[in-house]
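> How does the following fold in three dimensions:
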Amino acid sequence: MSTNTRALNPDVVKTALDKIFFDSYNKKKISGHVDHADTRVFNQESINNRAETISTIYQGIGEFVGTAEESDYAETNFEQGPKRAIGFSKFTNSVKITEELESDDMWSVVKRHVSDLGRQAMKTKNRIRFDLWRGAFDATETILSEVGSEKYLVADNNATLNGDTVDNKSQVAFGEASIDDLFTKLYTQLQHDGTIDEGQVASTLLIPTALHKEACVLLDTEKVVGSNNNDINYYSNKYDISLATSRYIGSQIPSGTTDPVFGDIAQGSDTAHFLLGDEHRVMSYTRKALETNFRAKEYSDNGTSKYLASFRDGQEAVDFLGVTGSDGTV
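Numbers count the residues shown, from 1 in each chain. Just a heads-up that it's a prediction; the model follows:
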């Protein structure tokens, strides 16, 4: 940037700072690691012109019915279940650029702060979003909690609208036996009309960083892991299960971290893991995408410029269907 700061055009300054900000925000991830925008672990939806979104669960229309020749087509009422309103929260942060920083040509300091602002934007989105997964066993409630007792995203006693009990929680520590159990629970899940959920196919294994190496070996090894025989690796040969790793579901996220909007943040775990179907309903809502602004010093009372960033988001776990998990304890 030029040392002639009085001649700086605000649009030019914003363009330069935006490049620094978004280069940091969009920093390349380690292969196999996911963030808040990954469509495998969060269904992404943009919301326009509303302060909140209304989500619901439907019981479904049931299976086809055998019908005699020239008889009327079978029909089923599309039964609607409970509803829930999810509001959107505004998140903001900014970097102040004082007259002294400008006049002393201290743009290297400004660049570092703006770069950190980009990283903090990504960190905030990830920490908030993955709270849904960290709290899956004891905090993240589905819409079914609107019509009864607490119904968590992963539990051994979830119930469909039809009244069937669905156990989508494994009691097995991470390993081949755990994946077997989760796979079976997912593939045989009953949907809300009491029939097998035909659409749920195991597609993503979500794990903390601590399990990344073990999961890679388990899923990608051609033969049976640790075996000297010729048995094939069932998962690498027969199923296309994608590995999704996040540091934001691990123990690095402590409990008791209070967020002014979402409340207590659930503690992470280095043993919890999840097998997801391709039609799960863990949702990420964007009301206003991440945007930046530059306020020149001419518009302040103290000669301080500001580079500002903000976004409006919402999130929820609509239903437990399409999700299985284990907290990693036996």
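
> What ranges does the stretch 51-200 of the chain have for its strands?
52-60, 79-87, 89-97, 158-159, 165-166, 169-170 (DSSP state E, counting those that start in this stretch).

> Please enumerate residues in contact with the fifth one?
Translated: strand 165-166. Contacting residues not belonging to strand 165-166 are listed as 157, 158, 159, 160, 189, 190, 320, 321 [Cβ atoms under 8 Å, 6 or more residues apart in numbering]. In this view, the C-beta of every residue, glycine as well, is placed from N, C-alpha and C.

> partners of that strand, with directions?
Applying DSSP bridges, strand 165-166 is found paired with strand 158-159 (antiparallel).

> Now do the strand it pairs with: distance to the chain's middle.
Centre-to-centre, strand 158-159 and its host chain are 22 Å apart (Cα atoms, centre = their mean, to the nearest Å).

> What average pLDDT does it get?
The average pLDDT within strand 158-159 is 91.

> mind checking how far residue 279 is from residue 138?
Residue 279 sits 25 Å away from residue 138, taking Cβ to Cβ, to the nearest Å as the criterion.

> all helices for this protein, in order.
10-25, 99-103, 107-129, 131-134, 176-187, 212-220, 234-238 (DSSP state H).

> For residue 34, which of those helices is the nearest?
helix 107-129 (9.1 Å; Cβ to Cβ).

> Just the buried residues of the closest one, please?
107, 110-111, 113-118, 121-129 (16 or more other Cβ atoms under 10 Å).

> who wins for proximity to residue 306 among the strands of the stretch 51-200 of the chain?
Within the strands of the stretch 51-200 of the chain, the stretch nearest residue 306 is strand 89-97; the backing value is 5.2 Å (Cβ to Cβ).

> Check which helices and strands that closest one sits against.
helix 107-129, strand 305-317 (3 or more Cβ pairs under 8 Å, 6 or more residues apart in numbering; DSSP states H and E).

> and the first one, what does it pack onto?
The one in question is helix 107-129. helix 10-25, strand 89-97, helix 99-103, strand 282-295, strand 305-317.

> coming back round to it: could I get the strands of the stretch 51-200 of the chain as JSON lines with mean neighbour count and distance to residue 195?
Shown next, in JSON lines, are the strands of the stretch 51-200 of the chain (neighbours: other Cβ atoms under 10 Å; distance: least, Cβ to Cβ, whole Å):
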{"stretch": "strand 52-60", "mean neighbour count": "16", "distance to residue 195": "8"}
{"stretch": "strand 79-87", "mean neighbour count": "14", "distance to residue 195": "13"}
{"stretch": "strand 89-97", "mean neighbour count": "16", "distance to residue 195": "37"}
{"stretch": "strand 158-159", "mean neighbour count": "20", "distance to residue 195": "15"}
{"stretch": "strand 165-166", "mean neighbour count": "16", "distance to residue 195": "12"}
{"stretch": "strand 169-170", "mean neighbour count": "25", "distance to residue 195": "21"}
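
> Those strands: which one's closest to residue 19?
Closest of the strands of the stretch 51-200 of the chain to residue 19 is strand 89-97, at 14.5 Å (criterion: Cβ to Cβ).

> now the angle from that closest one to strand 282-295?
For strand 89-97 against strand 282-295, the angle by axes from the mean of the first three to the mean of the last three Cα atoms, to 10 degrees is 30 degrees.

> Strand 89-97 pairs with which strands?
Assessed with DSSP bridges, strand 89-97 is paired to strand 305-317 (antiparallel).

> quick one on the thing from earlier: can you go through the contacts of strand 165-166 and name the buried ones?
Those of the contacts of strand 165-166 that meet the buried threshold are 158, 159, 160, 189, 320, 321, by 16+ other Cβ under 10 Å.

> what sits against the fourth one?
By Cβ under 8 Å, 6+ apart, the residues touching residue 189 are 166, 168, 196, 197, 200, 277, 321, 322, 324.

> Under the pLDDT cut-off, which ranges of this structure? List them.
1-8, 78-79, 102-105, 149, 199, 222-238, 257-263 (pLDDT under 70).

> would TSV of the contacts of residue 189 with distance to residue 57 be doable?
TSV is the format used below for these (distance: Cβ to Cβ, whole Å):
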residue	distance to residue 57
166	13
168	15
196	17
197	13
200	15
277	16
321	9
322	12
324	18
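
> List only buried entries from those.
Buried members of the contacts of residue 189, scored by 16+ other Cβ under 10 Å, are 166, 168, 197, 200, 277, 321, 322, 324.

> quick check, nearest of those to residue 133?
residue 324 (12.6 Å).

> Against residue 203, how distant is that closest one?
12 Å.

> ditto for residue 106
49 Å.

> which of these two has more neighbours?
Counted by other Cβ atoms under 10 Å, residue 106 and residue 203 do not tie: residue 203 has more neighbours, with 19 against 13.

> Torsion angles phi and psi at the residue lying closest to the more buried one once chain neighbours are set aside?
Spatial nearest neighbour of residue 203, excluding adjacent residues (Cβ to Cβ, 6 or more residues apart in numbering): residue 278 at 4.2 Å. Backbone geometry at residue 278, expressed as degrees, to the nearest 10, gives phi -80, psi 0.

> what's near enough to touch residue 278?
By Cβ under 8 Å, 6+ apart, the contact set of residue 278 is 199, 200, 201, 203, 204, 322.
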